[in-house]
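J.: Attaching a predicted model along with its sequence, questions to come.
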Amino acid sequence: MKIRFLGTAAFEGIPSLFCRCDLCVKARELGGKEIRSRTSAMLDDDLKIDFPPDTYMHMIRDGLDLELIKDLIFTHSHSDHLYAEDLVARLPGYAQSMDHPIQIHANDAVLLRIKQTLDFNGGVQGKFVLNRVKPFERMELQTAVVVPLPASHDPLETCLLYYIEKGGKTILYGHDSGWFPEETWAWLQDKKLDLAVLECTVGRSNHRTSHMNIDAVLETKQRFEEYDMLKPGANIVVTHFSHNAQLSHTDLTEIFTPQGIQVAYDGMILELP
């Protein structure tokens, strides 16, 4: 199984629109791994996590065929994870798409936004099926077995992490979230992971409630080890970085590589044999 990190930035992207901070100036000069678009991931070619406003660019850059998507799951409704307007592009009159509907799995806030957008353009028209998810409820999708788990992010929304079983591998997709709620830790403690995807939005900032800082990431890894959750050779990857943390890709790798944690970059492909 492979996981492709399509985008690895927080809401603002790196470099950010209108910004002249040191990191954004450096990113414009250096390019490459210093350029980060809004966060999303693809598991194999048929399961996509989140649908940010940079999805079109991801498709062009990485040569993706989005018509291979069978399941689309969402973490929450914030605009860097949900750009519902681009889902309209699959409707008749905009695209000659395949007959199969893409199954969308999300919380109420995401589904409401998508439904309103599609209804304004004639409805789902057989191109999507909207499925409401509930925390801790096991779902057998077309592509994977998925369990949504509560995140610590926006107190006004049921934001979600995902435990995913796919192709014989187990993955924890763990952003946007600060330190995980104890009910999530309790559910996870007997699980065995091949891959944990975490976030480090705020860098060295003393903040760990709605996003993780460096210390929270390292303590999360320690908790994984205490619970014996990591299979031999398991991977931990960090993603979802903000320019406000003022940490370049080089800075992040210097921090995390000695800890056995890999820093994601846009377009990175990780193979899970």
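T.: Perfect, thanks for sending it.
J.: so residue 58 touches residue 39, yeah?
T.: No - Residue 58 is not in contact with residue 39 according to CB atoms under 8 Å; the separation is 10.7 Å. In short, each C-beta sits where N, CA and C put it, glycine included.
J.: So for those two, which residue has more residues nearby?
T.: Neighbour totals were compared for residue 58 and residue 39, and residue 39 leads with 30 against 24 (other CB atoms under 10 Å).
J.: For that one, which residues are in contact?
T.: Remark: with contacts taken as CB atoms under 8 Å, 6 or more residues apart in numbering, residue 39 is in contact with 6-10, 50, 52, 80-81, 175, 239-240.
J.: Let me have those residues in CSV, adding distance to residue 231 and neighbour count as columns.
T.: Below are these laid out as CSV (distance: CB to CB, whole Å; neighbours: other CB atoms under 10 Å):
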residue, distance to residue 231, neighbour count
6, 25, 26
7, 27, 28
8, 24, 28
9, 29, 25
10, 29, 27
50, 25, 26
52, 30, 24
80, 31, 22
81, 28, 25
175, 21, 27
239, 20, 27
240, 24, 27
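J.: Now, the residues you listed that are in strands?
T.: Judged by DSSP state E, those include 6-7, 239 as members of strands.
J.: who are the neighbours in contact with the residue nearest to residue 166 when sequence neighbours are not counted?
T.: Spatial nearest neighbour of residue 166, chain neighbours left out: residue 144 (3.8 Å); criterion: CB to CB, 6 or more residues apart in numbering. Counting by CB under 8 Å, 6+ apart, residue 144 touches 43, 47, 71, 164-166.
J.: do residue 105 as well
T.: 71-74, 131, 133, 139, 141, 146.
J.: Please, where are all the strands along the protein?
T.: Using DSSP E, strands in the chain cover 2-7, 40-43, 47-49, 71-73, 102-106, 128-132, 139-140, 145-150, 160-166, 169-173, 193-199, 230-239, 262-263, 268-271.
J.: so where's the stretch 101-250 of the chain shaky on pLDDT?
T.: Of all residues in the stretch 101-250 of the chain, none has pLDDT under 70.
J.: Correct me if wrong: residue 66 contacts residue 56.
T.: No - shown here, residue 66 and residue 56 do not form a contact pair, counting by CB under 8 Å, at 9.4 Å.
J.: Please pick the buried ones from the contacts of residue 105.
T.: Buried positions within the contacts of residue 105, assessed by neighbour count (16 or more other CB atoms under 10 Å), are 71-74, 133, 139, 141, 146.
J.: Make JSON lines out of those residues and add distance to residue 105.
T.: Shown next, in JSON lines, are the buried ones among the contacts of residue 105 (distance: CB to CB, whole Å):
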{"residue": "71", "distance to residue 105": "7"}
{"residue": "72", "distance to residue 105": "7"}
{"residue": "73", "distance to residue 105": "5"}
{"residue": "74", "distance to residue 105": "7"}
{"residue": "133", "distance to residue 105": "5"}
{"residue": "139", "distance to residue 105": "7"}
{"residue": "141", "distance to residue 105": "7"}
{"residue": "146", "distance to residue 105": "7"}
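J.: Can you tell me which of the contacts of residue 105 comes closest to residue 20?
T.: residue 74 (32.7 Å; CB to CB).
J.: what's the closest non-adjacent residue to the closest one?
T.: That would be residue 106: by CB to CB, 6+ apart, it lies 3.9 Å from residue 74.
J.: So that neighbour is in contact with residue 133, correct?
T.: Yes - with contact defined as CB under 8 Å, residue 106 reaches residue 133; the gap is 6.3 Å.
J.: Give me the common contacts of those two.
T.: If you check residue 106 and residue 133 against CB under 8 Å, 6+ apart, the residues they both contact are residue 73.
J.: partners of the residue nearest to the spatial centre of the chain in the sheet?
T.: Closest residue to the average C-alpha location of the chain: residue 40 at 4.4 Å, with CA atoms, centre = their mean. Beta-bridge pairing for residue 40 (DSSP bridges): residue 7.
J.: measure residue 4 to residue 268 for me?
T.: 7 Å (CB to CB, to the nearest Å).
J.: No more questions from me, cheers.
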